[in-house]
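Q: build the 3D model from these lines:
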Amino acid sequence: MALLALSANCQKTDSSDNYLQLEEQLSGLRIYAKSIQDCYGPVLNLIDETIVTNKQSRISSIELVNMICDYLENNYSKPLTLETISQLFNYSASYISASFKKHKACSPMKYLTTIRINQSISLMTMYPEMPSKKIAEMVGYTDSHYFSRIFKNVTGKSPSNYRDAL
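A: Here you go, the predicted structure:
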């Protein structure tokens with residue numbers, strides 16, 4: 001009987017010791033979890049706030065396209081690339097291109113080219129004596145030969161032939 005009681009007492013001690021060890025481990029985990037939360041909690045909150053803010057400040061793709069169109073129409077004479085537009089509007093170049101193709105059925109650079117050629121035609125009409133090189137510069141082309149090639153691709157005529165037909 002005494003052996004049985006001693007054996008039972010040992011089992012109680014073992015489970016009590018196990019319980020105490022487990023409680024110590026859990027307490028340590030709680031402290032560790034608290035320190036992680038203290039360290040990363042503010043960062044996670046900031047990330048959550050940023051995501052919410054970005055969702056609220058994001059505009060629809062048609063609004064973005066319209067804003068870019070307005071920008072291109074007012075700044076066509078500047079040296080513009082898809083990359084500069086992407087950086088300016090803080091959207092990826094691929095997103096801008098896809099949005100343009102969806103809403104305008106052309107790329108942003110094709111849209112810019114159309115604006116530039118239309119403006120060059122207006123200048124040719126208003127100032128028939130103005131050299132093509134000057135017109136090219138005014139509409140955003142630094143290379144007059146490149147301008148002539150693009151002009152011909154769009155209109156089917158070289159700038160001089162187009163001017164002669166006016």
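Q: domain map for the chain?
A: For the chain, the domain assignment from automatic domain parsing gives the residue ranges 16-58, 61-165.
Q: could you identify which of the ones you listed is most buried?
A: Highest mean neighbour count of the domains of the chain: domain 61-165, a mean of 15 (counted as mean count of other C-beta atoms under 10 Å). (Glycine included, C-beta is placed from N, CA and C.)
Q: what's the end-to-end length of that domain?
A: End-to-end span of domain 61-165 (C-alpha to C-alpha, to the nearest Å): 40 Å.
Q: so what's the gap between it and the chain middle?
A: When distances are taken as C-alpha atoms, centre = their mean, to the nearest Å, domain 61-165 is centred 22 Å away from the chain's centroid.
Q: and the helix or strand hosting residue 110, what does it pack against?
A: Per DSSP states H and E: residue 110 is located in helix 108-126. Using 3 or more C-beta pairs under 8 Å, 6 or more residues apart in numbering; DSSP states H and E, the elements in contact with helix 108-126 are helix 61-75, helix 82-89, helix 93-104, helix 132-138, helix 144-155, helix 159-165.
Q: state the mean pLDDT of the last one.
A: Looking back up the chat, that one is helix 159-165. Computed over helix 159-165, the mean pLDDT rounds to 93.
Q: worst-scoring helix or strand of this protein, pLDDT-wise?
A: Each helix and strand of the chain was given a mean pLDDT (mean pLDDT, DSSP states H and E); the minimum falls on helix 2-57 at a mean of 58.
Q: and the closest residue to residue 93 other than its chain neighbours, how far is that from residue 130?
A: Setting aside the residues directly before and after it, residue 93 is nearest to residue 86 in space (C-beta to C-beta, 6 or more residues apart in numbering), at 4.2 Å. From residue 86 across to residue 130, the span is 33 Å (C-beta to C-beta, to the nearest Å).
Q: returning to that earlier point: so for residue 30, which of the helices and strands packed on helix 108-126 sits nearest?
A: In this view, the helices and strands packed on helix 108-126 are compared for proximity to residue 30 by C-beta to C-beta, and helix 93-104 is the closest at 44.6 Å.
Q: this completes my enquiry, with thanks.
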